[in-house]
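A.B. asks: A predicted structure for the sequence below; I have some questions about it.
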Amino acid sequence: MEVGLNTETWRQTVARLERIPVWALPYQFILVIGLGFLFTFYDIFDSNVSFIQTCVSIIPGFKSEMAGQYLGMPILMNLLGYVVGTLVLSPISDKIGRRNMLLITMLITGLGSLCTAFTTSYWAFVVFRGITGIGIGADLAVVNTYIAEVAPTKTRAKYTALIFIFSALGALVAVWIGLWLTTPAAPFPAGLPFALGASLPYGWRIMYWIGAVLALIAVLMRFRLPESPRWLLAVDRGEEAERVVAEMEATAARHAPLPQPVSVSVQWVPAKPNPYGDILNNATYIRRVVLLFCVWLFSYVTVYGFSGGMTSLLVGLHYDEGEAGMITAVGVFGMVLSAVFAYWFGERLERKVWLILSALTTILGGVLIGLAGSNLTLAMVGSVILFLGENFWVPIAYAWTSENFPARARTSGFALVDGVGHIGAGIGIWAIAPLVAPLGALKGFLFISGFLFVAAVIALFGVRTKDRTLEEISP
């Protein structure tokens, strides 16, 4: 292999990529990617409110106050599937390409959702949530890698946040549909007056059918995506990369004149047969893996402790089922606000600084819920602030994580830290969340929120990536 020749081709093509100052793919491709993320987060949140009705349907003798006893296993299996999926499928993405894997991951996720809709037992439900998690875990890794590799240098976090807006909408749709289809009618704000849960015992099944349809639509749309030019360069497919870059240049030139190519001085490094080995045999990347793993591990205790089990937590604190669902459903609007906030302001500060601000906001929301008592309005305000705080750092951290690894193993690096970091999510749901009721609302919510603050402190020791080229950050 002529490394010198490959280096020169690589430098020229990367230089052309780096001079593009705007989103250079057709704007409808944002919708294509975003719809997939909408479904992915729809599926993460679709059991939040609907889980109680699911248990009533498939567990003999189930009562709503027993939800906490059964919540841990399906979420834990979903997270285990997430870890397995991202660890197994992400290296394949580094071998067969981002676009091809985006089709595979969405097919797996949709199949899991469809099977869940037809389950008749608790343990089958648990297994199918695990299958769904396999697709979700890999999809998140590949999508975030893809966005990092095609977005302009100065707006990687911005476009990651734009896609995350679709994620927030997916979560919002899942929670509100769950509230409508699976909870009993109650006067607002204790519930929805037109909720169908009492007369529609299979409403939870409809939710998973919707998820399967969304997945099918996303698969069909993703066929239109081009391959990542940076991945093509990493696997020595320079001519294909140049064709994709030429199309991106033509698209960008319709919006503004393109500047001259910038100088790229980093050496081209050929892709290795084992992407994990490529990362773990490099001292720089090992340090990054350890740090980012700890960041995701601790932060996911908070994020999943609330996002995956908020309704059940509130029921455990003696809120009625409808009240708990409403507090959660209103709170998810905070997630939408967080995505919009990250889109407009995420590029203003270095990535890791946002984690501290996010943790402090989450703690504030938890304090308000803890002090609310029977005041539903205050609990809802606290829920909005909590969901805002625990989520607005996420798209920025997605971008930051992708930036920390080279194109030849970027998805694998993301999998090692975000995927395995989901162990923290299992800890949050399985071990930490059940402590809320014994501790009481205020101490319990503060305890869960504190893990995000620990993650934020660890992140301060990470590498600076804002406004730097991917090849400079991760050669």
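C.D. replies: It's in. Numbers count the residues shown, from 1 in each chain.
A.B. asks: and the closest residue to Ile363 other than its chain neighbours, what element?
C.D. replies: With Cβ to Cβ, 6 or more residues apart in numbering as the criterion, Ile363 has its nearest non-adjacent residue at 4.5 Å, and that residue is Ser449. Backbone N, C-alpha and C define where each C-beta goes, glycine included. Using DSSP states H and E, Ser449 maps to helix 441-459.
A.B. asks: what residues of that helix count as buried?
C.D. replies: Judged by neighbour count using 16 or more other Cβ atoms under 10 Å, the buried positions of helix 441-459 are 441-442, 444-456, 458-459.
A.B. asks: please, where are all the helices along the stretch 201-350 of the chain?
C.D. replies: Here the stretch 201-350 of the chain has its helices, by DSSP state H, counting those that start in this stretch, at 203-222, 229-234, 238-253, 275-280, 283-307, 310-316, 321-345.
A.B. asks: could you save the ones you listed as a markdown table and add columns showing distance to Pro475 and mean pLDDT?
C.D. replies: Converted to a markdown table, these look like this (distance: least, Cβ to Cβ, whole Å; pLDDT from 0 to 100):
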| stretch | distance to Pro475 | mean pLDDT |
| --- | --- | --- |
| helix 203-222 | 30 | 93 |
| helix 229-234 | 12 | 93 |
| helix 238-253 | 17 | 94 |
| helix 275-280 | 12 | 95 |
| helix 283-307 | 9 | 94 |
| helix 310-316 | 42 | 77 |
| helix 321-345 | 28 | 90 |
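A.B. asks: turn those into a markdown table, columns for mean neighbour count and distance to Thr469.
C.D. replies: Formatted as a markdown table, the helices of the stretch 201-350 of the chain follow (neighbours: other Cβ atoms under 10 Å; distance: least, Cβ to Cβ, whole Å):
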| stretch | mean neighbour count | distance to Thr469 |
| --- | --- | --- |
| helix 203-222 | 20 | 27 |
| helix 229-234 | 26 | 11 |
| helix 238-253 | 17 | 15 |
| helix 275-280 | 20 | 19 |
| helix 283-307 | 22 | 16 |
| helix 310-316 | 26 | 40 |
| helix 321-345 | 23 | 22 |
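A.B. asks: so which of those helices is nearest Trp123?
C.D. replies: Nearest of the helices of the stretch 201-350 of the chain to Trp123, taken as Cβ to Cβ: helix 203-222 at 16.4 Å.
A.B. asks: any idea how far the closest one is from the chain center?
C.D. replies: 18 Å (Cα atoms, centre = their mean, to the nearest Å).
A.B. asks: which other helices and strands does it contact?
C.D. replies: Using 3 or more Cβ pairs under 8 Å, 6 or more residues apart in numbering; DSSP states H and E as the contact test, the elements touching helix 203-222 are helix 28-58, helix 98-117, helix 156-182.
A.B. asks: out of those, the one nearest Arg11 is which?
C.D. replies: That would be, of the helices and strands packed on helix 203-222 and by Cβ to Cβ, helix 156-182, which comes in at 20.3 Å.
A.B. asks: for that closest one, which helices and strands make contact with it?
C.D. replies: helix 28-58, helix 122-150, helix 203-222, helix 321-345, helix 394-403.
A.B. asks: let's see 10 Å
C.D. replies: When contacts are defined as 3 or more Cβ pairs under 10 Å, 6 or more residues apart in numbering; DSSP states H and E, helix 156-182 packs onto helix 28-58, helix 122-150, helix 203-222, helix 310-316, helix 321-345, helix 376-391, helix 394-403.
A.B. asks: what is the fourth one packed up against?
C.D. replies: The elements that helix 310-316 packs onto, with contact taken as 3+ Cβ pairs under 10 Å, 6+ apart, are helix 28-58, helix 67-96, helix 156-182, helix 321-345, helix 353-372, helix 376-391, helix 436-439, helix 441-459.
A.B. asks: now for these, which one comes closest to Leu196?
C.D. replies: That would be, of the helices and strands packed on helix 310-316 and by Cβ to Cβ, helix 156-182, which comes in at 5.6 Å.
A.B. asks: next, the angle from that closest one to helix 203-222.
C.D. replies: Angle of helix 156-182 versus helix 203-222, following axes from the mean of the first three to the mean of the last three Cα atoms, to 10 degrees, is 150 degrees.
A.B. asks: what's near enough to touch the closest residue to Tyr285 other than its chain neighbours?
C.D. replies: What sits nearest to Tyr285 in space, not counting adjacent residues and going by Cβ to Cβ, 6+ apart, is Ile279, at 4.5 Å. Taking Cβ atoms under 10 Å, 6 or more residues apart in numbering, we find Ile279 in contact with 272, 285-286, 288-289, 404-406, 408-410, 412-413, 416, 474.
A.B. asks: got a winner among those residues for most neighbours?
C.D. replies: Of all the contacts of Ile279, the highest neighbour tally under other Cβ atoms under 10 Å goes to Arg410, namely 33 neighbours.
A.B. asks: test my guess that that residue contacts Asp94.
C.D. replies: Yes. With contact defined as Cβ atoms under 10 Å, Arg410 and Asp94 form a contacting pair (7.1 Å).
A.B. asks: give me the common contacts of the two.
C.D. replies: By Cβ under 10 Å, 6+ apart, the residues touching both Arg410 and Asp94 are 142, 145, 231, 234, 275.
A.B. asks: and the gap between the residue minimising distance to the centre of the chain and Tyr82?
C.D. replies: Of all residues in the chain, the one closest to the mean position by Cα atoms, centre = their mean is Leu140, 5.6 Å from it. Per Cβ to Cβ, to the nearest Å, Leu140 is found 8 Å from Tyr82.
A.B. asks: okay, and the common contacts of the two?
C.D. replies: By Cβ under 10 Å, 6+ apart, the residues touching both Leu140 and Tyr82 are 44, 418-419, 422.
A.B. asks: now the residues you listed as TSV including neighbour count and distance to Trp296?
C.D. replies: Output for the shared contacts of Leu140 and Tyr82, formatted as TSV (neighbours: other Cβ atoms under 10 Å; distance: Cβ to Cβ, whole Å):
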residue	neighbour count	distance to Trp296
Ile44	23	15
Asp418	27	5
Gly419	26	9
His422	26	7
